[in-house]
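In: Quick check, what structure comes out for this input:
(2 chains)
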Amino acid sequence: MSAVDTLRNRAETRKIARLLDVDVDQLVFLRGLSADDVRRFREQVVTALFDGAPEMLDRIARATKLVPAAVAATISQTALGPRLAAGVAGRLEPHRAAEIIDRLPVSFTAESCAHLDPRRIAGIVQRLDEDLLVRIAVALAERGDDVTMGRFVGHLPDTALRRILGLVDASVVLRVGFLIDQPQRVDSVIELMGTERLAAVIQAAGDGLWPEALAVAGMAGPRWRHAIAAITARQAPEHLDSLVRAAHEQDLWESLLPLVALLDDAERRRIAELPSLRDTAVLGEVVQAVVATRLWQEFLPLVELLPGPSRRTVAETAGRLPDGELNAMALEVAEGDLWEAVLPLVELMDDPAKERVFALPAFQEHGADQARPPSDGLPLG
Amino acid sequence: MNTDAMDRLRGELAAPPPDGFAALDAAQLEFLADALRGRRESQAAGLAEAAEAALRLVPGVARGPVRRILFR
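Out: Numbers count the residues shown, from 1 in each chain, chains lettered A, B, ... in the order given. Presented below is the predicted three-dimensional model:
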C-alpha cells in the first residue's frame, strides 16, 4: 500500500470506528486493506445504518410534521435526546429539519450532528443561517469532534468557512482537514485561509500532527502543495527534524518525498542538512521506502545535497539491494535521465557493488555512456 | 475458512463487502458484523419510550393524530 493510501486508510478507519462506536485500535486489521476498499466499506456501513434504521424513527418524523417547529424542537431536546433527534432529522425534509435546528441550543445541535446521516448534511447545511453554522462548528471544535467536522466542512459556504477558520485552533484545521469527506474542497479551504494562516497551521503540525499535515498536502492541488512544501522547508530545523522522524517512525516517506522534490535547491539544502538525515537507521529506511515506492526521481535531488557521510550511507544501502531492485532503480534513473545524480552515488559504493551496478542490463543499455569518461573510456572506479 | 463470517457481514450490510475484505480472517469479519449489528440495535433502543415522552409534549389538539402515527 502506498503511504498516501496509508494516510487515507487511517482517516477512513477513524470514520468507521466512529460509525460503529468502537475503538479505532480494534480496527487495526483494516490497515492492511486499500484505502478505496475501506472507504467503500464506510459508505456501505452508512447505508446499512441509516437506510435500515427502525421504522419508529420514520413515524416520529411523520408525527413531527404535525406540530409547530418550536414544539418539535422541544420534543427533540426533551423526549428524544441528541442521538434520536438526529435520526429523526435525517428523515425530515431538509428545510423542516433546518427550521427545528434553528430553535435548538447550539450545544444540543452540535451533539446531534455527530449522529446525523452524513448523506443528509449537505441539504440541511444549505438551509441553516450562517451565524448558526459558525456557532455549531465552533461548538464541534470545542468538543474535539473532528470526525463530525470532517463530514460538514466540505458542505459549508465559503463565507462561513472563512469565519470558522478564524475562530478555531490551527491544530483543529489540520485534524479536520485529515478527515474531510470532500477532499476536492481542500484547495478552496486553504485559499480562504491565506498564506499567513497556512504557515501557522503548518507550524502546528510539529505538535504530533505531521501525518495530518502530509495528508492535507496530498489532497491539495499542485499550487497549494508547492506552497505547503515551501512553507514547511522554512520551519526551524528542530521542527523539520520532527517531520523526518515522523516519516521514519510511521513509514510516510511516500507522502514526504514528493513534497521535498517540489523544493528549490536552497530549500532542499535545509532538509538535507537536518541532523535526522545523518542517522543511518533513518537513511537506510528511506532507501528501502524509495525502492518500494519507486521514488528515486524524488529522492536523488535530495541525496545530492546530503553531507558526505550520509551520501555514503545511502550509497552503501543501495549497493546492498538485490539485483532486481537495483535494476529497477537503474531503469527509473534512465527514464528520468538522472544519471548525473546517481553516478556520484555509485562512486561511493564499494567495488563489488559498483561491478553489480555496471553489470545491470538497465545500466548497460542506458547508463554506460554516461559513466565513461572521455579520456580513458573506463567506468568510474 | 471465512465464508460463514463473510456471509454474516454481507447480511448485516445487505451488500457484498469490497473485494479486499476477503483478505480478513473470520474473527475480523465477525467483529465487523457484530459491531454493525450492535450499532443497529442501539439505534432502536429507547425509541418506544422516546415516542411516549414525545407524545406528552404534543399540544392536545394534535395529540390524537400524532398518537395514531406513532402507535397505530
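In: my read: A:Glu304 touches A:Val342, true?
Out: No - the pair A:Glu304 / A:Val342 is not scored as a contact, 9.6 Å apart, by Cβ atoms under 8 Å. (C-beta placed from N, C-alpha, C; glycine too.)
In: Those two: which has the busier surroundings?
Out: The neighbour comparison of A:Glu304 against A:Val342 (other Cβ atoms under 10 Å in any protein chain shown) goes to A:Val342, with 26 against 17.
In: ok, and the closest non-adjacent residue to that one?
Out: Counting by Cβ to Cβ, 6 or more residues apart in numbering or on different chains, the nearest residue to A:Val342 once its immediate chain neighbours are dropped is A:Val333, at 4.9 Å.
In: wait, doesn't that neighbour sit right on A:Leu343?
Out: No - contact status for A:Val333 versus A:Leu343: not in contact, 9.2 Å apart, counting by Cβ under 8 Å.
In: Of the two, give the one with the bigger neighbour count.
Out: Neighbour comparison, A:Val333 and A:Leu343: the larger count goes to A:Val333, with 24 against 16 (by other Cβ under 10 Å).
In: what residues are up against the single nearest residue of the stretch 101-250 of chain A relative to chain B?
Out: Nearest to chain B, among the residues of the stretch 101-250 of chain A, is A:His115, at 9.0 Å (Cβ to the nearest Cβ). Remark: with contacts taken as Cβ atoms under 8 Å, 6 or more residues apart in numbering or on different chains, A:His115 is in contact with A:Pro82, A:Arg83, A:Ala86, A:Gly87.
In: same deal with A:Ala48?
Out: B:Glu12, B:Leu13, B:Ala14, B:Ala15, B:Leu36, B:Arg40.
In: farthest pair in those residues?
Out: The most widely separated members of those are B:Ala15 and B:Arg40, with 14.6 Å between them, by Cβ to Cβ.
In: what ranges of the chain fall below the confidence cut-off?
Out: No chain was given, so I picked chain A. A:1-4, A:366-381 (pLDDT under 70).
In: wrong chain, I was asking about chain B
Out: Using pLDDT under 70 as the threshold, the predicted model of chain B has low-confidence ranges B:1.
In: Show me which residues of chain A are close to chain B?
Out: If contact is defined as Cβ under 8 Å from any Cβ of the partner chain, the residues of chain A in contact with chain B are A:19-22, A:26, A:29, A:32-34, A:36-38, A:40-41, A:44-45, A:47-49, A:52-54, A:56-57, A:59-60, A:62-63, A:66-67, A:71, A:74-75, A:78-81, A:83-84, A:87.
In: What ranges does the chain have for its strands?
Out: Just going to use chain A. Per DSSP state E, chain A has no strands. Nothing in it meets that criterion.
In: any idea which residue sits dead centre in it?
Out: When chain A is reduced to its mean C-alpha position, the closest residue under Cα atoms, centre = their mean turns out to be A:Ala215, at 1.1 Å.
In: Can you get me a residue count around the residue lying closest to it once chain neighbours are set aside?
Out: Here the nearest residue to A:Ala215 in space, its sequence neighbours aside, is A:Leu7; by Cβ to Cβ, 6+ apart that works out to 4.1 Å. When neighbours are counted by other Cβ under 10 Å, A:Leu7 registers 24.
In: Would you confirm that A:Leu7 contacts A:Leu209?
Out: No - no contact is recorded between A:Leu7 and A:Leu209 when judged using Cβ under 8 Å, the distance being 12.0 Å.
In: Can you give me the separation between the nearest residue to A:Ala205 once chain neighbours are set aside and A:Val287?
Out: Counting by Cβ to Cβ, 6+ apart, the nearest residue to A:Ala205 once its immediate chain neighbours are dropped is A:Ala213, at 3.7 Å. In this structure, A:Ala213 and A:Val287 are 24 Å apart, going by Cβ to Cβ, to the nearest Å.
In: Likewise for B:Arg40?
Out: The separation that B:Arg40 has from A:Val287, given Cβ to Cβ, amounts to 48 Å.
In: higher neighbour count, the two?
Out: When B:Arg40 is set against A:Val287 and neighbours are counted by other Cβ under 10 Å, the residue ahead is A:Val287, at 23 against 15.
In: need the contact list for that one.
Out: Contacts were defined as Cβ under 8 Å, 6+ apart; by that measure A:Val287 touches A:Val314, A:Thr317, A:Ala318, A:Leu321.
In: between those, which is closest to chain B?
Out: Once Cβ to the nearest Cβ is applied, the member of these that ends up nearest chain B is A:Leu321, at 28.1 Å.
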